[in-house]
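Student: Build me a structure from this.
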Amino acid sequence: MEILSGKWKFHILGTLLLNEKLRFMDLLREVEGIAPKMLSKELQDMEMNQLITRTIVHTKPITVEYALTEAGKTVGPLIDELASWGTAYRNALFHQ
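Tutor: Down below sits the predicted model:
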């Protein structure tokens, strides 16, 4: 739980599940509300825990791409299950 704790990790992982790889600014746009400093910190944490890879692309200017590792991809079913539970729970609350 500690590896996936925090407000943003599931959102970042889910975004990377939908897109094979993304650059930092693309992630910043996709993960609505996150500050650049927080995104950087979360990406570093997930890279350290081997959930994502960071690849430097030698373009001008140099860009960095982030992608899920095989271990990171295993989080997909967890995210799907949590989303299903959240939808069912919300429906139960509002349709009583």
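
Student: Report the buried residues of the longest helix along the chain.
Tutor: Taking DSSP state H as the criterion, the chain has its longest helix at helix 76-94. In terms of neighbour count (16 or more other Cβ atoms under 10 Å), helix 76-94 has no buried residues at all. (C-beta placed from N, C-alpha, C; glycine too.)

Student: for stretch 33-44, same thing?
Tutor: Buried residues in stretch 33-44 (16+ other Cβ under 10 Å): 34, 39, 42, 43.

Student: same question, stretch 16-24
Tutor: 16, 22, 24.

Student: Likewise for stretch 47-65?
Tutor: So for stretch 47-65, counting by 16+ other Cβ under 10 Å, buried means 51, 52, 65.

Student: Relative to residue 42, how far out is the spatially most central residue of the chain?
Tutor: Centroid-nearest residue in the chain: residue 12, 1.6 Å away (criterion: Cα atoms, centre = their mean). From residue 12 across to residue 42, the span is 6 Å (Cβ to Cβ, to the nearest Å).

Student: Please identify every residue contacting each of the two.
Tutor: residue 34 (Cβ atoms under 8 Å, 6 or more residues apart in numbering).

Student: I'd guess residue 64 is in a strand, am I close?
Tutor: Yes. When the secondary structure is assigned by DSSP: H, G, I helix; E, B strand; the rest coil, residue 64 falls within a strand.

Student: got the residue ranges for the helices in this structure?
Tutor: 9-18, 24-30, 36-48, 70-73, 76-94.
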